[in-house]
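In: Below are the sequence and a predicted model; questions follow.
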Amino acid sequence: MSLHQEQFSIIGASEKPIYGDLTYNPKNSNMPLVIFVHGFKGFKDWGAHNLVAKYFVQNGYRYLKFNLSHSGVNQENPNDVSDLEAFAANTFSKEMTDVDIIIKHAVNYLGVNKVFLIGHSRGGGLSILQAANNPYVGGLITWSSIADFSSLWKKEQEKKWRMTGKIEVINARTKEKMPLNVTLLEDFEENKNQLNILAAAKQLNIPWLIIQGDKDINVPLETAEKLANANPASRLLKIKDANHVFGAFHPYVGDNLPTHLLEVCEKSLTFLNSIEK
């Protein structure tokens, strides 16, 4: 099968660009659309994301992925977080704006009246919020999703964060210190109701598949269980021995998906096919 990947850019939150790509089969460009939302310190070309896109397109879907406008990844260096000024200025409200813009772009320019969201980690939290409020989302899949944005930092960091105006997180791969401005914390506190992931999970009335590795040290299995309990209509699938990124790494070398990530894709595809029919 011949696949085509089309690059695009649109204006996102705070007038910063969102860079994305759409992978599709040119012989059937009207296939249902999956939109992937990456996680914290992630980006659209991280690890095996392009192989995941290929998998879904080979199995009857279009696949759109994008870099959140304040992900810190730019066109000059698409394979790393290098714009630390943008990364530091990020907020959850900006990310929600970006996801909303992407869905509108899909509806207006790709001619769809329904999208399916896949969100990983923090992108899972964003996807749950979006799915609870956006009528164009017809189905939701979360991979290793968080259930609370404040789980991304330690409570004891907040005092220093307010005093100094920023904290730093370590990039486990590069060992680089990555700054986060206090505006992230302030935005979360000012918009707690709108950014309440568990409350949104309770409101969801569309099909929802929760996938979680049982060896995830970043987001524990209990988090997935908490999400599933918030919405009894959801379905929780555990991936035995899988970590937070289901065996992927960056940069990813190889033409085949890691075993756990392939299982995640297979289970996600089965779910999508069941709700698309």
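Out: Great, that's in hand.
In: From here on, just use CA atoms for contacts and neighbour counts.
Out: OK.
In: need the strands for the stretch 1-150 of the chain, in chain order.
Out: Secondary structure of the stretch 1-150 of the chain by DSSP state E, counting those that start in this stretch: the strands cover 4-11, 17-24, 33-37, 62-67, 115-120, 137-143.
In: swap in the stretch 151-277 of the chain?
Out: All strands of the stretch 151-277 of the chain, identified by DSSP E, counting those that start in this stretch, fall at 166-170, 177-181, 208-213, 235-239.
In: Parallel or antiparallel, which strands does the first one pair with?
Out: Looking back up the chat, that one is strand 166-170. Taking DSSP bridges as the criterion, strand 166-170 forms sheet pairs with strand 177-181 (antiparallel).
In: Residue 122 reaches residue 40, doesn't it?
Out: Yes. If you go by Cα atoms under 8 Å, residue 122 and residue 40 touch, sitting 5.7 Å apart.
In: Which one of the two is surrounded by more residues?
Out: Set side by side, residue 122 and residue 40 show more neighbours around residue 122, with 26 against 13, by other Cα atoms under 10 Å.
In: contacting residues for the more buried one?
Out: For residue 122, the contact set (Cα atoms under 8 Å, 6 or more residues apart in numbering) comprises 38, 39, 40, 145, 146, 149.
In: Could you dump the strands of the stretch 1-150 of the chain into a markdown table and include mean neighbour count and distance to residue 273?
Out: A markdown table is the format used below for the strands of the stretch 1-150 of the chain (neighbours: other Cα atoms under 10 Å; distance: least, Cα to Cα, whole Å):
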| stretch | mean neighbour count | distance to residue 273 |
| --- | --- | --- |
| strand 4-11 | 14 | 22 |
| strand 17-24 | 21 | 17 |
| strand 33-37 | 26 | 12 |
| strand 62-67 | 24 | 13 |
| strand 115-120 | 24 | 11 |
| strand 137-143 | 24 | 11 |
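In: Which stretches in the stretch 151-277 of the chain count as helices?
Out: All helices of the stretch 151-277 of the chain, identified by DSSP state H, counting those that start in this stretch, fall at 157-164, 182-190, 197-203, 221-230, 259-276.
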